[in-house]
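**Q** The sequence and its predicted three-dimensional model are supplied below.
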Amino acid sequence: MTLWSWLSTHDHKRIALLYAISITAFFFIGGAAATLMRIELATPAGDVVSAETYNKLFTMHGVIMVWFFLIPSIPATLGNFLVPLMIGARDLAFPRLNLTSWYLYVAGGLFTLAALLLGGVDTGWTFYTPFSTLYSNTHVIAVVTGVFIAGFSSILTGLNFIVTIHKLRAPGLTWFRLPLFIWAHYATSVILVLATPVLAMTLTLLGIERLFHVGIFDPALGGDPLLFQHLFWFYSHPAVYIMILPAMGIVSEIIACFSRNPVFGYRSMAYAIIAIAGIGFLVWGHHMFVSGQAVYAGMIFSLLSFVVAIPSAIKVFNWTATLYKGTISFEAPMLYALGFVGLFMFGGLSGLFLAALALDVHLTDTYFVVAHFHYIMVGGSVSAYLGGIHFWWPKITGRMYPPKWAQFAAVLLFLGFNFTFFPQYLLGVEGMPRRYHEYAPEFQTLHVLSSAGAVILAIGYLLPLVYLTWSLTRGRKASANPWGATGLEWTVPSPPPVENFGETPIVTQEPYAYPPHAVSGGARRAAST
Amino acid sequence: MSSAARAEAAEASGAFSDRDQQREACDLGMWVFLTTETLFFGVLFFGYLMARLRFPEAFAAAGRHTDFALGTINTAVLLTSSLAMALAVRAAAIRRRRWAVLLLGATLTLGVAFLVIKGFEYRAEYLQHLVPGADFRFDAAQRDAAQLFFWLYFVMTGIHAIHLAIGIVVIGVVAARLAFGGFALQSPLSVEMAGLYWHFVDVVWIFIYPCLYLIARS
Amino acid sequence: MKLPFLPEVASTLGERVDALFAAVALVTGAVALAVVALLVIFALKYRRGSRADRRRAPEAVRLRIERRLEVAWIGIPMLLFSAAFAWAAALYFDHAAPPDGALEIAVVAKQWMWKLQHATGQREIDELHVPVGIPVKLVMTSQDAIHSFYIPAFRLKQDVLPGRYTVLWFTATHAGEYHLFCAEYCGTDHSRMIGRVVALDPAQFQRWLAANNAEPTMAARGEALFGALGCGGCHGPGSAVRAPPLEGLYGRPVALADGRTVTADERYLRDAILLPAKEVVAGYAPVMPSFSGQIPEGDLLDLIAYLKRVT
Ligand code: HEA
Ligand code: HEA
Ligand code: CUA
Ligand SMILES: [Cu+2]
């Protein structure tokens, strides 16, 4: 158990833990930036930090939260740990590549962090040209390089998952017997592999252009600044599904387990995942409705944005229907999952306002957009991530956490979250632009509410950090299957041995074979040899 | 597990239970990687397309300043290298070690030749003030658009050259390990993977060549 | 009518946007409420230990119901979404099509201020006076980064880009003062790139124009520039160079040398001056020099105002 044995490990479970630690660190750094922003925004005047600093703060917050926290969060930690276990494999297909991608992630992260802390960047996480290439005098190239490096980490993880899910499934584990968690990770990986290189090259062009001051984004030289936006969103819209699909996978597992019901409409849930990933590549222009792109292009992107909402609707309704006639218990993971369904729905529905062209004209670049994506990314994805951590914590660590504390934290986070971000919808509707260091006095009441909510949120996030750490040494020992869940990962001891399975399991059952109304079930899809 | 299967499993590395599985997985992994690469280059071609649609005439004029002869020779060099690579993969598959090493050497040499020729081209363009920047010289009316063309020219061929250089290093390592360690050290599978990569880099050039050298001259 | 939480509305389009907003809010609100209600009801009714009836219909019946439910909740959202899309798109289309004869005002954005010029010569900074009840069309460009012209009370926003013109139009409905924000992040003082729009009754507006009429009109300034830059040397009557006459050009279709036909709008005129090689008029030699980098954005707008005027 030396440090080196961890830093050189090829075991997907250990790599997952390496990721978990580094990602948590980045989350709190991003959260600290958010805390400072919320303090600044408590008053209309720009009195706590200077305008430059504020601009650097939201850029740092966005860059870290998106690329160094949320995109790798679920896939690289829970995905890394669980994908091989759930499909009955010994490891990912390319263990060494897996470790390489962690090193790339850390390298990119430290590089970016150094650039952000030592100099800072003030472009926003979207790096729009020509501001980023010609007018910003901050460390754009360094940050872009860090994101570029981390991009390769994403690509390698995606590649590893695709190959693993295709080639290493246990005998009998057909595509339609896969847990939805696996479907979600498969679709996510496809997006990672197809979209990330576009970002990488776009950022490369940005860097070269900034360095040499000639290029294809500079209108003064015949270039087109909108080309950058098109390329950026061609990556970044699919990227938002990178951030939500794995969360949806987790929620399906949890809701099925704690309502003791098979997931309602399993097949359409799987197809919906694929549909979201596929159509998600065709809607990027909805970020550019007022950018000056052609009117007809705007219409097509709007229509497709509504289309991509349909599979999400299916998922929300199917989760709700899964509860019907179930035997529902409210363990912490379930609380997070139910919170997810509500908050994701709220965020998604606000996405429909933004997809509706004439409404977006008013709402774009206001706090309505900020509220929209925090509802989905924080209320949705982060809730699901925490739900997943609580669900598989016993499996990962072999210990139980104090259940009452966990339930309390889940409720606190739900309340704090709404407190923080619901006022931002109202701010947006009233016309408060985003990325504003100072604002008109009439917006103050809602900003103060939001800042107050952020305090609750901060406490809420510190709680799990404390009791989960405590449980590592003091928690009750966990059995192989404490929740009575189905799935191959629950058939092995907690924590699983290095080789995962003594004998390759053979799968003979459909997924989520929960007994219709059992009080507590054993592992139903147990391996048989 | 039978003892034969156990031996087989021992031979396969990591998560794989047998050689076939490993082979298939590596194959798929490589294809996924190349898909990624396609999108990586795709951005450049898309940018090129957009710029060309904006300035068709200036792009044609600028395109006539690339070195058609050297570009064409280089295309031939690269295609030949791909042929050598394909033969090397075949030789490795049927376990002809000497042939495989020799053919890999040929591929590598042709790859280096490509880079050298490209270097001469760059030098000539530098001397003709075709490198974008303060020193760029072109017919005033089309200067900006032509500069855009050459910006794209250098980025596209430059990134392609980086890929080629990586390919050369990979092939060098594979050939050396094969020469000194034989198939025990370097499996035919890795030769095949290196081959796939090389062909890919070649195919990218097959798209770059018409965009930067041919279209203007039709 | 002002909806709760929406800011006051003061443009014709704004009122229609609010109606759409209310409709979408009602429908999504109803769906959200229904889903939350179901979640709560199920969660309570089927909580562990409750005595709820959990017997299930036979497999075949269940599958049929399941199928029907799924069709319903794919189909119904699809219908609602189509309606929302069509309504919003129709409005957006009107956003994009300024009516003929609108009062034109030129906008030049730069870090971090708005410069506005009325056709009649009045110049304003961070403040825009407009008449109530008359359509106003803004022709906008930026001198540096991308900005965005945002008037919440008009429910209107349009990015302002360097190197091209974007257009925004509105008809104010109520006299008053409204926020003007820069909505696209543009650097350090982005949040200070704000101002106000003052909507005045037409008579008052005329008075305001008269009170501030110290300067020549944009077209007049453009005419002076036309002379100073030597345009007339080629385009003027009796010039030795064969160049197309510019009288009555604006708004007309122009046949280009490469076979295309384009309308001579602001964008075309701008490109004709800055990038003459891009679109060469059919029948003329491409001898016009590029004026790129030589004419500040404001002057360019004056020049174009003059070209629109020459008849
Ligand atoms: C995980 C992240 C995530 C996800 C999943 C989504 C999902 C969606 N997003 Fe969002 N979005 C972001 C993250 C995300 N978004 C971010 C980060 C930005 C801003 C970036 C920036 O500028 O910095 C953004 C911005 C953004 C914009 C641009 C706003 C602007 O700048 O002007 C738009 C516009 O169309 C949009 C739309 C949508 C839509 C339609 C969905 C849909 O997929 C949502 C589908 C879900 C539902 C609709 C809910 C469930 C459905 C039902 C219950 C159906 C029943 C309803 C009825 C019948 C009415 N998003
Ligand atoms: C995954 C993504 C993610 C997550 C989790 C969050 C989490 C949070 N975000 Fe944000 N956010 C973004 C992604 C995310 N965000 C993006 C992409 C943008 C756009 C950026 C741009 O415009 O370019 C944005 C922008 C953004 C803005 C708009 C800024 C502006 O436009 O001017 C605001 C304002 O309130 C905000 C707030 C918050 C808050 C309060 C949280 C909270 O949920 C955070 C809670 C966590 C904590 C509070 C951590 C607790 C830590 C401690 C208690 C330690 C404290 C230590 C010290 C203070 C030293 N975020
Ligand atoms: Cu100008 Cu923001
Ligand atoms: Cu999007």
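**A** The structure has been received and is ready for your questions. Ligands and ions are numbered 1, 2, ... in the order given.
**Q** rest of the way, CA atoms for contacts and neighbours
**A** Will do.
**Q** mind listing the strands for chain C?
**A** C:103-110, C:113-118, C:123-125, C:127-131, C:136-142, C:147-151, C:156-160, C:166-170, C:176-182, C:195-200, C:253-255, C:261-263 (DSSP state E).
**Q** Could you count how many residues lie near C:Ala203?
**A** Look at C:Ala203: counted by other CA atoms under 10 Å in any protein chain shown, it has 11 neighbours.
**Q** So what pairs up with C:Lys157 in the strands?
**A** On the basis of DSSP bridges, C:Lys157 is bridged to C:Tyr150.
**Q** I figured A:Arg272 hits A:Val316, correct?
**A** Arg isn't right for residue A:272; it's Ala. No. At 10.8 Å, A:Ala272 does not count as touching A:Val316 under the criterion of CA atoms under 8 Å.
**Q** Mean pLDDT, mean neighbour count and distance to C:Phe42 for the strands of chain C - can I get that in a markdown table?
**A** Formatted as a markdown table, those follow (pLDDT from 0 to 100; neighbours: other CA atoms under 10 Å in any protein chain shown; distance: least, CA to CA, whole Å):
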| stretch | mean pLDDT | mean neighbour count | distance to C:Phe42 |
| --- | --- | --- | --- |
| strand C:103-110 | 92 | 22 | 55 |
| strand C:113-118 | 92 | 21 | 56 |
| strand C:123-125 | 89 | 17 | 59 |
| strand C:127-131 | 95 | 22 | 56 |
| strand C:136-142 | 94 | 23 | 54 |
| strand C:147-151 | 96 | 26 | 45 |
| strand C:156-160 | 96 | 27 | 43 |
| strand C:166-170 | 94 | 23 | 49 |
| strand C:176-182 | 95 | 21 | 46 |
| strand C:195-200 | 95 | 20 | 52 |
| strand C:253-255 | 89 | 15 | 65 |
| strand C:261-263 | 87 | 14 | 62 |
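**Q** for residue 127, what are its contacts?
**A** Just going to use chain A. Listed by CA atoms under 8 Å, 6 or more residues apart in numbering or on different chains, the contact set of A:Phe127 is empty.
**Q** sorry, should have said chain C
**A** By CA under 8 Å, 6+ apart, the contact set of C:Glu127 is C:Trp114, C:Leu116, C:Gly195, C:Arg196, C:Val197, C:Val198.
**Q** Could you pick out the residues of chain C near ligand 1 for me?
**A** Counting by CA under 6 Å from any ligand atom, the residues of chain C lying close to ligand 1 are C:Val27, C:Thr28, C:Val31, C:Pro77.
**Q** Which one of those is nearest to B:Glu121?
**A** For the residues of chain C next to ligand 1, the residue nearest B:Glu121 by CA to CA is C:Pro77; the value is 59.3 Å.
**Q** Is the residue nearest to the closest one when sequence neighbours are not counted in a helix, a strand, or coil?
**A** Counting by CA to CA, 6 or more residues apart in numbering or on different chains, the nearest residue to C:Pro77 once its immediate chain neighbours are dropped is A:Ile310, at 7.0 Å. Classification of A:Ile310 by DSSP: H, G, I helix; E, B strand; the rest coil places it in helix.
**Q** How many neighbouring residues does A:Ile310 have?
**A** Neighbours around A:Ile310, by other CA under 10 Å: 21.
**Q** What of A:Ser479?
**A** Counted with other CA under 10 Å, A:Ser479 comes out at 17.
**Q** A:Gly172 too?
**A** 12.
**Q** so it touches A:Val507, yeah?
**A** Yes. Contact criterion CA under 8 Å: A:Gly172 and A:Val507 qualify, at 4.7 Å.
**Q** where does the spatially closest residue to A:Leu349 that is not a sequence neighbour sit relative to A:Val140, distance-wise?
**A** For A:Leu349, ignoring the flanking residues on the chain, the nearest one in space by CA to CA, 6+ apart is C:Thr28 at 6.4 Å. Per CA to CA, to the nearest Å, C:Thr28 is found 40 Å from A:Val140.
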